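S.K.: have a look at this fold, sequence not included:
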Ligand SMILES: [Zn+2]
């Protein structure tokens, strides 16, 4: 018989201090960083997310995993054309070097804010730079869901959640839910765990 020990994957939820902390730059991409990336990719898939940032996984580092589905429709930005076929992937020290003026508003959700979805205004296009887990430099213009997801994930690295970016009216409408989430989260140390 072959036994495998159980693994525990934890995501931090609304109210946890680490979600409000600015994550640190990564210097060298060490074997330890690669191991964290592997774990985060697995956690993202288990929790059924399309993106996971280090702080959500309890890691105070500028690392993000992405699992955005390929879209079939029409023209895509150079970034989507280059990166969507490589999903799921990890990006290290991701940054937005320029933001387009055109904005749009779409509903967002977040593994750290379970059960809540709300419209957020974001730039439609961003200029994006990061390293892959192999140290390869990526620089491209991204649009579509990729641009939105990157803005959401990079916000996490700066201690910002999508609920911090809502209009006053929208925030008021979900505030009772957020308060409940925080109250319930406190009982579990703001941890949502999956055992596999
Ligand atoms: Zn999120």
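M.R.: Okay, I see it. Because the structure is a prediction, the values reported are computed rather than measured. Numbers count the residues shown, from 1 in each chain.
S.K.: pull the distance from the longest strand belonging to the chain to the chain's centre.
M.R.: Secondary structure assigned by DSSP state E gives strand 89-99 as the longest strand of the chain. On the basis of Cα atoms, centre = their mean, to the nearest Å, strand 89-99 sits 11 Å off its chain's mean C-alpha point.
S.K.: who are the packing partners of that strand?
M.R.: Helices and strands touching strand 89-99, by 3 or more Cβ pairs under 8 Å, 6 or more residues apart in numbering; DSSP states H and E, are helix 31-46, strand 63-66, strand 126-132, helix 144-157. The way it works is simple: take the backbone N, C-alpha and C, and place the C-beta from them, glycine included.
S.K.: by contact count, what packs against the shortest one?
M.R.: So that's strand 63-66. Using 3+ Cβ pairs under 8 Å, 6+ apart, the elements in contact with strand 63-66 are helix 31-46, strand 51-53, strand 89-99, helix 144-157.
S.K.: give me the angle between the longest one and strand 89-99.
M.R.: To tie it back to what came earlier, the one meant is helix 31-46. 90 degrees (axes from the mean of the first three to the mean of the last three Cα atoms, to 10 degrees).
S.K.: pLDDT weak spots in this structure?
M.R.: The chain contains residues with pLDDT under 70 at 1-5, 72-74.
S.K.: biggest helix in it, by residue count?
M.R.: The single longest helix within the chain, with elements called by DSSP state H, is helix 168-187.
S.K.: so residue 79 touches residue 148, yeah?
M.R.: No. Residue 79 is not in contact with residue 148 according to Cβ atoms under 8 Å; the separation is 11.9 Å.
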